[in-house]
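Trainee: quick one, what's the 3D model for this:
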Amino acid sequence: MTPDDRFDVVVVGGGAAGLYSALTAADAGSRVAMVSRKPLSESSSFWAQGGLAAAIGPDDSPEQHVEDTLIAGRGACRRSAAELLAAEAPGVVWELERRGVRFDREPDEALSLALEGGHSRRRVVHAGGAATGRRITERLTQQAGEHERIQLIEKTSAVALWSDGRRCHGVITDEGELPARATIFATGGAAALWSRTTNPWGAIGAGPVMAHAAGASIADLELCQFHPTALAAPGTKYDGLLVTEAVRGEGATLLDGDGQRFTDELAPRDAVTLAVLDRMKADGTDHVLLDMRQLSETRFPSVFAALRDAGHDPATEPIPVAPASHYVMGGIATDLEGRSSLPGLFAVGECACTGLHGANRLASNSLTECFVLGARAARAASKEPEAGDPPEPPSWRFDPPPAETREAVWNLAGPLRRAEQLEALLADPYPLARLIARFALEREESRGSHRRLEFPEMNPALDGRHIVCSADELAWQAWE
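Mentor: Here you go, the predicted model:
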């Protein structure tokens with residue numbers, strides 16, 4: 001790659017959001033470069049077990065989908081984002097089918113719809129049981145590889161944005177510079193910054209770190225969702241293995257050490273996680289049990305196989321589970337076309353923050369968001385004007401966090417937080433860890449996935465308000 005390799009749009013990230021953005025931009029006539037640190041088959045989306053939330057059932061409606069999203073988000077959702085997602089989600093399902101994705105269907109050929117926590121209706125579309133992410137990314141990867149206007153650049157890492165703080169002119173990679181009229185970050189989330197996580201180890205928030213260093217605003221970094229049912233296998237590579245929420249939608253139950261149910265398994269994730277933490281504390285254990293024995297293995301073949309690989313047979317015994325970091329609601333602050341505060345830079349997927357998820361993401365809204373917002377960002381990016389001559393490339397380069405940071409973030413900014421622990425995290429060498437601590441200290445309440453032990457109640461005065469960091473200063477904002 002050389003500076004002469006000019007593109008209309010550069011997409012950074014090879015998951016669902018990046019693939020769909022690249023395809024949409026290319027279909028709009030843009031010449032697209034798609035940069036992926038790993039082979040496309042190793043993205044977080046590839047391992048996504050849930051599905052796409054879309055109100056397509058006969059007893060459902062976009063209005064009900066919006067209401068469920070707002071309830072799960074605990075008064076912190078951006079309503080316009082929730083309304084947009086719910087309105088456009090059904091069209092995304094049909095478009096993916098047009099592109100060759102084969103979703104699971106009932107014997108009468110109607111789409112099979114799953115029920116997950118926080119949803120009042122069956123509205124989660126899935127493929128291959130719990131292999132939805134794999135089925136979708138495989139198909140989109142094939143199409144991206146065949147598209148004449150997409151150049152795939154795999155095994156290449158973005159290390160900085162090409163920016164002078166006033167405009168983004170492209171991206172700097174470890175292989176060279178990629179100038180472009182528009183740059184779309186689809187770099188994934190930051191949940192692997194916590195040592196106990198359901199995420200691949202590369203999910204360390206590189207996108208928000210690079211965007212903030214280049215001058216873009218970031219928002220809501222204190223809001224990390226902890227999934228209640230991650231395999232508890234301390235000291236092994238299987239610790240944190242995600243057991244999809246869909247199993248609880250089909251009847252799996254959470255049990256204490258005496259084999260008794262202790263919570264509503266279909267409540268929103270934040271409520272279930274808190275119930276699990278309370279039960280673990282009361283019982284003096286490091287896990288609870290997930291009973292899947294009444295489930296059909298044919299509905300969740302990949303989940304059963306993964307648990308057997310880890311040494312557990314869900315068909316014959318309850319599985320030990322405990323909360324693990326799963327999804328960060330915060331990221332690069334954007335509007336509803338993916339635009340960041342830095343002209344020329346767009347962000348989609350988990351690295352972005354539209355305010356859609358509020359303080360607690362509704363299950364399976366995230367994959368839907370990848371396609372709804374990915375398409376909108378791609379169309380807007382394709383219309384971005386020429387940026388003029390780029391400045392000198394910046395000298396700053398992204399540096400991954402040391403292993404000690406992951407332990408520090410888990411221990412000091414885990415599911416339950418205290419001020420003195422967050423203040424200790426302010427000294428961490430990784431900039432995103434320090435920012436998480438600053439955001440968490442600023443939110444003096446407990447809301448959704450954010451639990452401050454000194455402030456156990458939700459503050460109604462903060463409904464609908466988001467913390468935004470611009471030019472290294474934190475400010476509260478209300479987003480329409």
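Trainee: which stretches of this protein have low pLDDT?
Mentor: Scanning the chain for pLDDT under 70 picks out 1-5, 40-50, 130.
Trainee: how far does the helix or strand encompassing Ala22 sit from the chain's center?
Mentor: Following DSSP states H and E, one finds Ala22 within helix 16-27. Once both centres are worked out by Cα atoms, centre = their mean, to the nearest Å, helix 16-27 turns out to sit 17 Å from its chain's centre.
Trainee: would you map the helices across the stretch 151-300 of the chain?
Mentor: Here the stretch 151-300 of the chain has its helices, by DSSP state H, counting those that start in this stretch, at 206-214, 246-249, 269-283.
Trainee: residue nearest the centroid of this protein?
Mentor: Glu350 (3.6 Å; Cα atoms, centre = their mean).
Trainee: so how far is stretch 238-251 from its chain's centroid?
Mentor: 17 Å.
Trainee: right, I mislabeled it, should have said stretch 257-269
Mentor: With Cα atoms, centre = their mean, you get 25 Å for stretch 257-269.
Trainee: CA atoms of it as CSV?
Mentor: Extracted in CSV, the C-alpha atoms of stretch 257-269 (Å, rounded to 0.1, in the frame of the first residue of the first chain):
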residue,chain,number,x,y,z
GLY,A,257,-26.6,-24.9,45.1
ASP,A,258,-29.7,-26.5,46.5
GLY,A,259,-31.2,-26.9,43.0
GLN,A,260,-33.8,-24.1,43.6
ARG,A,261,-34.7,-21.4,41.1
PHE,A,262,-34.0,-17.9,42.4
THR,A,263,-34.8,-15.4,39.6
ASP,A,264,-36.9,-14.7,36.5
GLU,A,265,-34.6,-16.0,33.8
LEU,A,266,-36.3,-13.9,31.1
ALA,A,267,-35.8,-10.5,32.8
PRO,A,268,-33.4,-8.1,31.1
ARG,A,269,-29.7,-9.0,31.5
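Trainee: biggest helix in the protein by residues?
Mentor: Ranked by residue count under DSSP state H, the longest helix found in the chain is helix 79-98.
Trainee: and the angle for it with helix 16-27?
Mentor: 70 degrees (axes from the mean of the first three to the mean of the last three Cα atoms, to 10 degrees).
Trainee: what sits up against helix 79-98?
Mentor: Contact partners of helix 79-98, identified using Cβ atoms under 8 Å, 6 or more residues apart in numbering, comprise 52-56, 62-63, 65-66, 69-70, 73, 103, 111, 125, 136, 139, 336, 354-356, 365, 368-369, 371-373, 375, 479-480. Using the backbone N, CA and C atoms, a C-beta is placed for each residue, glycine as well.
Trainee: quick one: buried residues of that helix?
Mentor: Neighbour-count burial for helix 79-98 flags 79, 81-86, 88-90, 92-93, 96 (criterion: 16 or more other Cβ atoms under 10 Å).
Trainee: export those to a markdown table and tack on distance to Ala267?
Mentor: Converted to a markdown table, those look like this (distance: Cβ to Cβ, whole Å):
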| residue | distance to Ala267 |
| --- | --- |
| Arg79 | 22 |
| Ala81 | 23 |
| Ala82 | 19 |
| Glu83 | 24 |
| Leu84 | 26 |
| Leu85 | 21 |
| Ala86 | 21 |
| Glu88 | 27 |
| Ala89 | 22 |
| Pro90 | 26 |
| Val92 | 27 |
| Val93 | 26 |
| Leu96 | 29 |
